[in-house]
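Trainee: My questions concern the predicted model and sequence given below.
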Amino acid sequence: MKNVIVGQSGGPTAVINSSLLGVYKTAKDRGADKVYGMVHGIKGFLDGRVVDLSQMLKNELDMDLLKRTPSSFLGSCRYKLPEIKDDEKTFEKIFKSLKELDIYAFFYIGGNDSMDTIKKLSDYGEKIKSPIRFMGVPKTIDNDLAVTDHTPGYGSAAKYIATTVKEIIRDGLVYDYPVFSVVEIMGRNAGWLTAAAALAGGEDCEGVDAIYLPERVFDVDKFENDMGKLLKQGRSVVVAVSEGVKVKDGRYVCELSEHIDYTDAFGHKQLAGTARYLAGRVAKKYGVKTRAIELSSLQRCASHIMSRVDMTEAYNAGGAAVKAAFEGKSGQVITLKRVSEDPYMCITEPHDVHDIANVEKKVPSEWITADGMGVTEELVHYISPLIQAEIAPLWVDGLPRHIRLTASTKVKS
């Protein structure tokens, strides 16, 4: 009988709880006595905030609700562990607490920064010859983890973005005068999410007029001129832009109009305002009605339009992490490997965390059009299988029902 512990970190997604359920169910099926959850990730664990998940997932209905509940059931954090050489006492505290809970395996569901936590903990465990296994479970709507074909969370976010952009296009075309809409989509340094806007185009939809990704330098003057050409056609224009597009001198476009004060523990600036700035420039120059649309947090956790493929892969990734740990693996991350295109098929494989932590995967240059205003069919083909099929929420009184931690069960030392 073995005890395991699991945490969630970084930004939430529509399917991160499917990975949590994959860890929980697989660990219990393989004989785990206790499956503990860290409340608010490794930061919460350092504060002694731990729950026994079996006290909250008491039956099949609870587990069914969990996989349909968006965001991080256990809560999240953006906490950067120190370097081992700089602060060994923090690691001593973590391992002491893990020993007190009789933990056999530690699972962390997250993206780039979360895999940094797995790397450091597994390195320290190896240093002190600890028997505890440390495994990473991939999660990020940004789809920017190295090695893996794609990440759980991305497919559902891409489905939401493509659907929403398609509806924005329909909305704009009702008028007999041009309306300019710029849709700001998450993506600091990688444009995978913004690229999903290309899926809106088809036999029933004109598609977006332009897509701008952070992988290419953004020229504000050229943007103005290009939008002017589109507006001369006398119809509404819809463009998608990554929040993280930068001008030649390295500044984010959103920094051209306002100062950004907030920076998180990993040194990431808060990005917002790109759409407002660009819409303002177009309105001033061409005198047309403009809309700045920030999808913001809406695109992260839209479980009502969750991709079934995404949910299934998220669950499988959690289960695969447990399987690998129980077979003796540590210091690894579960990756997704696409083995077939038609029919689409993806398998899981563990991979050394050192090749993944703090490495950012960007959209390949060959998948961006030469003019920097769009993406190729190859990229659309890559994304399309990830948004397929749906899973309906459990509706109660006309609204989706979710499961959450309650105050009475939230903290257990």
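Mentor: Noted; the coordinates are in hand. Numbering: from 1, shown residues only.

Trainee: The stretch 301-413 of the chain: strands as residue ranges?
Mentor: 332-341, 344-352, 395-396, 399-400 (DSSP state E, counting those that start in this stretch).

Trainee: Need the winner for burial among those.
Mentor: Ranked by mean neighbour count, the strands of the stretch 301-413 of the chain are led by strand 332-341 with a mean of 19 (mean count of other C-beta atoms under 10 Å). The C-beta positions use only the backbone N, C-alpha and C, and glycine is treated the same way.

Trainee: Does anything pack onto that one? Which helices or strands?
Mentor: strand 133-138, helix 308-326, strand 344-352 (3 or more C-beta pairs under 8 Å, 6 or more residues apart in numbering; DSSP states H and E).

Trainee: What's the mean pLDDT across the last one?
Mentor: Same thing as strand 344-352. For strand 344-352, the mean pLDDT works out to 98.

Trainee: Pull up the pairing partners for that strand, direction included.
Mentor: Using DSSP bridges, strand 344-352 pairs in its sheet with strand 332-341 (antiparallel).

Trainee: Now do the strand it pairs with and strand 133-138, the angle between them.
Mentor: Relative orientation of strand 332-341 versus strand 133-138 (axes from the mean of the first three to the mean of the last three C-alpha atoms, to 10 degrees): 40 degrees.

Trainee: Let's see the pLDDT reported for the residue of the chain most remote from its centre.
Mentor: With distances taken from the mean C-alpha point of the chain and given as C-alpha atoms, centre = their mean, the most distant residue is Asp176, at 38.3 Å. Looking at Asp176, its pLDDT is 86.

Trainee: Next one: it from Ala279, what distance?
Mentor: To Ala279, Asp176 is 21 Å away according to C-beta to C-beta, to the nearest Å.

Trainee: Equivalent analysis for Ile334, please.
Mentor: Ile334 sits 41 Å away from Ala279, going by C-beta to C-beta.

Trainee: try Ile103
Mentor: Taken as C-beta to C-beta, the span from Ile103 to Ala279 is 51 Å.

Trainee: Check the helices and strands packed on strand 332-341 for me and report the most buried one.
Mentor: strand 133-138 (a mean of 29).

Trainee: which ones are touching Ile168?
Mentor: Ser181, Val183, Val238, Ile293 (C-beta atoms under 8 Å, 6 or more residues apart in numbering).

Trainee: before we move on, what about Leu405?
Mentor: Val39, Val51, Met56, Phe73, Leu74, Gly75.

Trainee: Check these and tell me the two furthest apart.
Mentor: Met56 and Gly75 (12.8 Å; C-beta to C-beta).

Trainee: residue ranges of the helices in this protein, please?
Mentor: 16-29, 41-46, 60-68, 88-100, 112-127, 154-172, 192-195, 220-231, 274-286, 308-326, 377-383 (DSSP state H).

Trainee: Flag every buried residue along the first one.
Mentor: By neighbour count on 16 or more other C-beta atoms under 10 Å, the buried set for helix 16-29 is 16-28.

Trainee: Which neighbouring elements make contact with that helix?
Mentor: strand 2-8, strand 32-38, helix 60-68, strand 103-110, strand 133-138, helix 308-326.

Trainee: wait, which of those is closest to Gln233?
Mentor: Judged by C-beta to C-beta, the one of the helices and strands packed on helix 16-29 that comes nearest to Gln233 is helix 308-326, at 36.3 Å.

Trainee: Extract the CA atoms of that closest one and return them as CSV.
Mentor: Extracted in CSV, the C-alpha atoms of helix 308-326 (Å, rounded to 0.1, in the frame of the first residue of the first chain):
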residue,chain,number,x,y,z
ARG,A,308,-13.6,15.2,-25.8
VAL,A,309,-10.2,14.4,-27.4
ASP,A,310,-8.6,16.9,-25.1
MET,A,311,-10.3,15.5,-22.0
THR,A,312,-9.5,11.9,-22.8
GLU,A,313,-5.8,12.7,-23.4
ALA,A,314,-5.6,14.8,-20.2
TYR,A,315,-7.0,11.8,-18.2
ASN,A,316,-4.6,9.4,-20.0
ALA,A,317,-1.7,11.6,-19.2
GLY,A,318,-2.5,11.5,-15.5
GLY,A,319,-2.9,7.8,-15.5
ALA,A,320,0.3,7.3,-17.5
ALA,A,321,2.3,9.3,-14.9
VAL,A,322,1.1,7.0,-12.1
LYS,A,323,1.9,3.9,-14.2
ALA,A,324,5.4,5.2,-14.8
ALA,A,325,6.0,6.1,-11.2
PHE,A,326,4.7,2.7,-9.9
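
Trainee: Could you check the angle that helix makes with strand 344-352?
Mentor: Using the same axes, to 10 degrees: helix 308-326 against strand 344-352 is 30 degrees.

Trainee: The residue lying closest to Ser71 once chain neighbours are set aside and Lys229, how far apart?
Mentor: In space, Ser71 comes closest to Pro12 once its chain neighbours are excluded; the distance is 3.9 Å by C-beta to C-beta, 6 or more residues apart in numbering. To Lys229, Pro12 is 39 Å away according to C-beta to C-beta.

Trainee: go on, Val6?
Mentor: Separation of Val6 from Lys229 (C-beta to C-beta) stands at 52 Å.

Trainee: Look at the two and report which has more neighbours.
Mentor: More neighbours surround Val6 than the other of Val6 and Lys229, with 26 against 9 (other C-beta atoms under 10 Å).

Trainee: Next, work out how far apart the residue lying closest to the more buried one once chain neighbours are set aside and Asp62 are.
Mentor: Distances taken as C-beta to C-beta, 6+ apart put Phe107 closest to Val6, at 4.3 Å, once the chain neighbours are dropped. Per C-beta to C-beta, Phe107 is found 19 Å from Asp62.

Trainee: quick one, which of those two is more surrounded?
Mentor: Using other C-beta under 10 Å as the criterion, Phe107 and Asp62 rank with Phe107 on top: 28 against 13.

Trainee: Look up the residues forming beta bridges with the more buried one.
Mentor: Counting by DSSP bridges, Phe107 forms beta bridges with Val6, Met135.

Trainee: Quick check, it in contact with Ala325.
Mentor: Yes - Phe107 is in contact with Ala325 according to C-beta atoms under 8 Å; the separation is 7.3 Å.
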